Structures are given as C-alpha cells and as structure tokens.
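A.B. asks: coords please:
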Amino acid sequence: MSMMAFTYKTLAEESLAEFSDRGSKFIAYAMPVETQEQMKQALKKCKLLHPKAVHHCYAFRIGFDNNNYRASDDGEPSGSAGRPILGQIDSAQLSNVLIVVVRYFGGVLLGVPGLIHAYKTVAQMAIQQNQIIEKKRMQFYKLKFDYTVMNEVMRILKAHHCEVKTQQQGLFCQMEIGIALDECEAVIEKIKKLQGVEVDTA
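C.D. replies: Predicted coordinates:
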C-alpha cells in the first residue's frame with residue numbers, strides 16, 4: 001500500500017467566491033464535511049442565507065471508496081451545474097468536501113455552455129480561496145472497558161495521537177475512537193493486551 005492511501009486531501013475551512021455573468025450572480029461556498037448529516041446541515045444553512053436565490057446547486061464527495069458523492073442541478077438544465085462543481089472537487093483530488101453554488105438570475109438566459117462555465121469557474125474560485133490540507137485517514141473503533149483500565153487506554157491513545165469522538169464514563173466505559181490508518185494494527189494490538197477491553201469496528 002502506498003503512503004498516499006493513508007492520507008487524503010480536503011479543505012481547511014469554509015470559503016466563499018462570487019462570479020457574475022450577464023447579470024446572473026453565482027455565489028459558491030466550499031467547505032469540509034465528514035458525514036451526510038453535516039452536508040445536509042450545511043446545505044440547509046445556505047438555503048436559509050439565500051431564500052430568494054433561484055437555484056441552490058451543489059456537489060459533494062465523502063469518504064474514500066468513490067461511491068459516496070452527489071451532484072445536484074437543483075432545477076438547472078441537466079448536467080449544467082452539479083457535474084461541473086463535482087468536476088472541480090475531483091480535479092483538485094479532494095474528499096470530504098461540499099461545494100454549494102447559489103444562483104441569482106439576472107434576466108438573461110446563459111445557455112448550457114454558459115452555465116457550465118459559470119458553475120465550474122465559481123467552484124474553482126472557492127477552492128482557490130481556501131487552503132488544501134492533507135489529513136490522515138482514520139479507521140473508527142468502539143471500545144468497551146472497565147473504568148480501572150481507563151488510564152492505560154488513554155495512555156495508548158495519546159501516544160498514537162488517536163481521536164476520541166465520543167466517550168461515556170461510568171463503572172463501564174464506552175468510547176468511539178479514530179486511529180490513523182497506518183497505526184491501526186499497532187494500536188489495536190496494544191489495546192487488546194489490556195485486561196477486559198472489547199474492541200469493535202464502528
């Protein structure tokens with residue numbers, strides 16, 4: 001497995017770009033998202049910010065198996081909006097990214113080539129306004145253990161810079177953790193050596 005497979009490229013934060021053509025205004029929001037739920041919330045937020053816009057077109061790609069993506073034209077001619085936006089996400093080789101483009105109609109029809117150009121251009125501008133960062137791919141696990149081994153579990157997680165997503169503490173503790181893909185074997189092996197720790201893939 002090449003080292004590249006252990007990391008992925010995404011956007012650092014939310015960015016914004018604007019593009020106008022013959023009176024129509026296109027506003028693009030590009031942002032990192034990790035789940036469909038985050039994506040839906042972000043889309044909802046854009047619609048609330050721009051209730052008078054005629055179209056809220058978008059594309060996203062989440063995960064690493066190439067199957068979790070969508071391109072929406074939201075009423076624009078088929079293939080004229082969502083696909084060009086997705087094309088920009090893919091040409092920058094990004095994952096866990098959503099780009100929403102809001103359009104205010106200016107009274108002049110731009111035609112399919114004009115629309116493709118506008119959506120592609122503003123999506124590209126939004127990516128350029130942002131910072132592309134490389135993140136480690138994580139594998140997620142659920143841990144269950146007696147609170148008496150809490151310190152040992154935490155010591156292993158800290159040593160390997162693991163991410164603790166959720167944590168429930170009581171006499172019996174439950175935790176959802178993310179481990180960098182290239183560290184998984186080593187970390188799980190150490191955790192399994194501890195007394196009474198159950199490990200499940202999340």
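A.B. asks: residue boundaries of the strands in the chain?
C.D. replies: Applying DSSP state E to the chain gives strands spanning 7-11, 15-21, 24-32, 55-61, 69-72, 97-104, 132-136, 138-146, 163-168, 172-180, 198-201.
A.B. asks: nearest to residue 49, of those strands?
C.D. replies: Nearest to residue 49 among the strands of the chain is strand 97-104; the distance by CB to CB comes to 7.8 Å. C-beta coordinates here come from the backbone N, C-alpha and C atoms, glycine included.
A.B. asks: what residues sit buried inside the closest one?
C.D. replies: By neighbour count on 16 or more other CB atoms under 10 Å, the buried set for strand 97-104 is 97, 98, 99, 100, 101, 102, 103.
A.B. asks: ditto for stretch 179-194
C.D. replies: Using 16+ other CB under 10 Å as the burial criterion, the residues of stretch 179-194 that qualify are 179, 180, 181, 183, 184, 187, 188, 190, 191.
A.B. asks: tell me the bridge partners for the first one.
C.D. replies: By that I understand residue 179. Counting by DSSP bridges, residue 179 forms beta bridges with residue 139.
A.B. asks: thinking again about what came up before, got JSON lines for the strands of the chain, with distance to residue 125 and mean pLDDT too?
C.D. replies: Compiled in JSON lines, these are given as follows (distance: least, CB to CB, whole Å; pLDDT from 0 to 100):
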{"stretch": "strand 7-11", "distance to residue 125": "13", "mean pLDDT": "95"}
{"stretch": "strand 15-21", "distance to residue 125": "4", "mean pLDDT": "98"}
{"stretch": "strand 24-32", "distance to residue 125": "7", "mean pLDDT": "98"}
{"stretch": "strand 55-61", "distance to residue 125": "15", "mean pLDDT": "98"}
{"stretch": "strand 69-72", "distance to residue 125": "18", "mean pLDDT": "98"}
{"stretch": "strand 97-104", "distance to residue 125": "10", "mean pLDDT": "98"}
{"stretch": "strand 132-136", "distance to residue 125": "14", "mean pLDDT": "94"}
{"stretch": "strand 138-146", "distance to residue 125": "30", "mean pLDDT": "94"}
{"stretch": "strand 163-168", "distance to residue 125": "32", "mean pLDDT": "94"}
{"stretch": "strand 172-180", "distance to residue 125": "32", "mean pLDDT": "95"}
{"stretch": "strand 198-201", "distance to residue 125": "39", "mean pLDDT": "94"}
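A.B. asks: and the helix of greatest length in the chain with strand 24-32, angle?
C.D. replies: Of all the elements of type helix in the chain, the one with the most residues (DSSP state H) is helix 111-128. For helix 111-128 against strand 24-32, the angle by axes from the mean of the first three to the mean of the last three CA atoms, to 10 degrees is 40 degrees.
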